[in-house]
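Student: Take this sequence and fold it.
(chains A and B)
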Number of protein chains: 2
Amino acid sequence: MRVTLRSAILALGCAIALPAFAQSPALIVEKKTFDMPAYTTVAGGTIKNVKIGWQSAGTLNADKSNAILIAHFFSGTSHAFGKYAESDAAPGYWDAIIGPGKAVDTNKYFVISSDTLVNLNVKAPRVVTTGPASINPDTGKPYGMSFPVVSIKDFVNVQKALIESLGIKKLHAVMGPSMGALQAYEWAASYPDMVGRVVAAIGTPSADPFLIGWLDVWAEPVRLDPKWKGGDYYDSGPPIEGLKAALKAITLHANHWEWATKTFGTAPAEAGKDPAAAFDNKFKVQTTLDAVATTRALTSDANSLLYLVKANQLASADPSKIKVPTLIVYAPTDLVFYPPYVEQAAKTIGAETVPLTGPNGHLNGFTAITQAGEKISAFLGR
Amino acid sequence: MRVTLRSAILALGCAIALPAFAQSPALIVEKKTFDMPAYTTVAGGTIKNVKIGWQSAGTLNADKSNAILIAHFFSGTSHAFGKYAESDAAPGYWDAIIGPGKAVDTNKYFVISSDTLVNLNVKAPRVVTTGPASINPDTGKPYGMSFPVVSIKDFVNVQKALIESLGIKKLHAVMGPSMGALQAYEWAASYPDMVGRVVAAIGTPSADPFLIGWLDVWAEPVRLDPKWKGGDYYDSGPPIEGLKAALKAITLHANHWEWATKTFGTAPAEAGKDPAAAFDNKFKVQTTLDAVATTRALTSDANSLLYLVKANQLASADPSKIKVPTLIVYAPTDLVFYPPYVEQAAKTIGAETVPLTGPNGHLNGFTAITQAGEKISAFLGR
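Tutor: Numbering: from 1, shown residues only, chains lettered A, B, ... in the order given. Just a heads-up that it's a prediction; the model follows:
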């Protein structure tokens, strides 16, 4: 089963109003692989045989000026739009705004999206990434925690190599939600001549200290699981329980009180099993979060989660270096990226902001993204 | 070293403006023990030889009508006010508002505060509690996870027995922060004839579903630590790493972005050790949170944390049953108890609300509590 954030949200019982055009035949996309013989990280590490997956829709025009790059969120993949097959249960996570005639119109733009380095979803069938679960060509064994530290800027640098391999000199726009926003900001700060505009959703240019602390809370359960073994678990079996606990924390952090109250109330998980009567009798919110985490853990890699945590902690794009037109889409109830820091970045950059409303906190950047559709479309067309 | 929330906050580098009267000689309090031969829980379990610690200040008047009960927070103890000895590093957690001439004036009121059942701070020298770390008289061994499930109402029922043992028929007020507010609300809902008024700080009457989920996130690291052993670790050594991770999550959740930014920024933990250069090079916010958690873990018991989590998940006082005058003190930036739910409770009860401002989120209920001093004093005097 392919687990996307969208399916995870659906599993959480959160009703997503599918836009009318979901009835049209799906945009079918194909997963491709980009190879680099070697990549040197910002911190000076070397990674050989780098591979990342990517997908695209639309047609690159003659002067290669209509490309839009979509960067994904923490637990995301390149699958931002379309389906791999008509029979897929769900399309990519931002399919509501990306496709023919949609806000990011694939009739006009060549839209491309890639898996990052150290992508979480190592075990998902179509994900292609290079990270701690990859085989180190020097040893013939998985890197584990010997993989070099990578940062958001490393993600961007590998994307840049992919973009350049297609002959694209300048992106019409870089867009992304959450960790995708961190990447979009980093693109604009590091390679201002290659970025026409930025659409940053539910994210700030850098990780603030509170988020740095929380990212450790996300990671901690993995390290506590005795099966983690310092990251050397690829032969012995993965630390699934720790991974599940980490994914539960992430799932919850990305959502909001209003979602939990609306979706679950204080219903018990099982009728007749009063949570007050026994330690193992639970509320529905507890067992549902456990079930979602269990599903997400099936395709995730624990070490990759630790590398993603580190990369996010290192996120540090300087907003004063961002000179290109920027549209900031944010959730005023976001519990991951503090809304006043989003507003501060908007002020520094001189960006327009679009608030999203809904019961899902940070995840309004997915469940409510169509609210920003018209603004995004107009902004891209300017 | 005795660890109080106040000392933990100080360790976090958060400057607390000590009120002027901190210069006066400290109020010296004595720790006492209340015994019950047996207590039957709300869920029907039996606990023999129940002991809880308590302290008091002021004098109970002739008709025993001037008693105020202070209920403590999740990781708190009876030590809400005063010092055990003049040489103590810090007084109790609400000493800024409790004492001679203070908002809760011990020249007028007999102020009493007790340790709860399953108190977290089992290893703190003066804490007296009955919980999973206690010896089960039937087996001669610690209960571990065979201790009965207890709820906030059980905490209240044991306090009620203590209060009645002193001949008090009705409390002038019940007060408390956070889990102390859950207890104060439960007192007023369950025993309306015994409660004159309620001062509920930084809490709602019941645990909302989002908090129920978060409480599991707090607990998860304990269960993942291989030393936890299903709770049977009293001979083999405690799951300190899991306990530390749990306490780190709690410490962070109770605070706020503004605190982290003001206190740490993105300074590295050690000069010359760039967090980008190696996996183990950290930011100051990370190592400080680790150090605070390590200190707090020294006096805490892991199973007790799990029982506290369960008790908080079961908190369910019905605000429509609260008919006594109620003053609600809350932090609009609270990340533990959702401020709109505090306001909803205030509306249902018909309570007056006092907001607290400051950079500490939920912990403003401690660091900024003097902002509510005058309102509390006037409310108690009505």
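
Student: which residues in the stretch 1-150 of chain A form strands?
Tutor: Here the stretch 1-150 of chain A has its strands, by DSSP state E, counting those that start in this stretch, at A:32-40, A:46-57, A:67-70, A:98-99, A:104-105, A:110-114, A:135-136, A:141-142.

Student: Make CSV from these and add mean neighbour count and mean pLDDT to it.
Tutor: All C-beta atoms are positioned from the backbone trio N, CA, C, and that covers glycine. Converted to CSV, the strands of the stretch 1-150 of chain A look like this (neighbours: other Cβ atoms under 10 Å in any protein chain shown; pLDDT from 0 to 100):
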stretch, mean neighbour count, mean pLDDT
strand A:32-40, 14, 98
strand A:46-57, 19, 98
strand A:67-70, 27, 99
strand A:98-99, 28, 98
strand A:104-105, 21, 98
strand A:110-114, 26, 98
strand A:135-136, 14, 98
strand A:141-142, 16, 98
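
Student: want to throw those strands into CSV with distance to residue A:225?
Tutor: Formatted as CSV, the strands of the stretch 1-150 of chain A follow (distance: least, Cβ to Cβ, whole Å):
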stretch, distance to residue A:225
strand A:32-40, 30
strand A:46-57, 26
strand A:67-70, 33
strand A:98-99, 37
strand A:104-105, 39
strand A:110-114, 30
strand A:135-136, 23
strand A:141-142, 17
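
Student: okay, which residue is most central for chain A?
Tutor: residue A:73 (1.3 Å; Cα atoms, centre = their mean).

Student: Check the burial of the closest residue to it other than its chain neighbours by counting its neighbours.
Tutor: Spatial nearest neighbour of residue A:73, chain neighbours left out: residue A:178 (3.9 Å); criterion: Cβ to Cβ, 6 or more residues apart in numbering or on different chains. Using other Cβ atoms under 10 Å in any protein chain shown, residue A:178 has 27 other residues around it.

Student: Can you tell me how far residue A:178 is from residue A:361?
Tutor: 12 Å (Cβ to Cβ, to the nearest Å).

Student: Report the set of residues contacting both of the two.
Tutor: Taking Cβ atoms under 8 Å, 6 or more residues apart in numbering or on different chains as the criterion, residue A:178 and residue A:361 both touch residue A:336.

Student: residue contacts, the residue nearest to residue A:186 when sequence neighbours are not counted?
Tutor: Counting by Cβ to Cβ, 6+ apart, residue A:186 lies nearest to residue A:317, which is 4.4 Å off, once chain neighbours are set aside. Going by Cβ under 8 Å, 6+ apart, residue A:317 touches A:152, A:182, A:185-186, A:188-190, A:205-206.

Student: and what of residue A:374?
Tutor: Residues near residue A:374 by Cβ under 8 Å, 6+ apart: residue A:103.

Student: tell me the secondary structure for it?
Tutor: helix (DSSP: H, G, I helix; E, B strand; the rest coil).

Student: Quick one: the helices in chain A, in order.
Tutor: Residue ranges of the helices in chain A, as given by DSSP state H, are A:5-11, A:152-165, A:179-190, A:209-224, A:240-253, A:257-264, A:284-298, A:302-313, A:339-349, A:364-367, A:373-381.

Student: pretty sure residue A:28 is touching residue A:85, no?
Tutor: Yes: here residue A:28 reaches residue A:85: they are 7.0 Å apart, a contact under Cβ atoms under 8 Å.

Student: Which of the two has more residues huddled nearby?
Tutor: A direct count of neighbours by other Cβ under 10 Å for residue A:28 and residue A:85 places residue A:28 higher, at 13 against 8.

Student: Go ahead and produce CSV holding the CA coordinates of stretch A:221-229.
Tutor: Provided in CSV are the C-alpha atoms of stretch A:221-229 (Å, rounded to 0.1, in the frame of the first residue of the first chain):
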residue,chain,number,x,y,z
PRO,A,221,11.6,7.3,20.1
VAL,A,222,13.7,5.9,17.2
ARG,A,223,16.9,6.1,19.3
LEU,A,224,15.2,4.5,22.3
ASP,A,225,14.0,1.4,20.4
PRO,A,226,16.5,-1.4,21.2
LYS,A,227,16.2,-2.5,17.6
TRP,A,228,17.7,0.8,16.4
LYS,A,229,21.2,-0.4,17.4
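
Student: touching chain B at all, it?
Tutor: Yes: residues of stretch A:221-229 are located near chain B by Cβ under 8 Å from any Cβ of the partner chain, namely A:221, A:224-226.

Student: mean confidence for that stretch?
Tutor: In this model, stretch A:221-229 has an average pLDDT of 98.

Student: Identify the bridge partners of residue A:56.
Tutor: residue A:112 (DSSP bridges).

Student: ok, it touching residue A:98?
Tutor: No: using Cβ under 8 Å, residue A:56 is not in contact with residue A:98; the gap is 10.9 Å.

Student: what touches both of those two?
Tutor: Counting by Cβ under 8 Å, 6+ apart, the residues touching both residue A:56 and residue A:98 are residue A:111.

Student: Next, the residue of chain A positioned farthest from its centre: phi, psi?
Tutor: In chain A, the residue that sits farthest from the middle, by Cα atoms, centre = their mean, is residue A:277; the gap is 39.9 Å. Main-chain torsions, residue A:277, degrees, to the nearest 10: phi -80, psi -20.

Student: roughly how far apart are the closest residue in space to it that isn't next to it in sequence and residue A:246?
Tutor: Excluding the flanking residues, the one nearest residue A:277 by Cβ to Cβ, 6+ apart is residue B:43, at 5.5 Å. Separation of residue B:43 from residue A:246 (Cβ to Cβ) stands at 32 Å.
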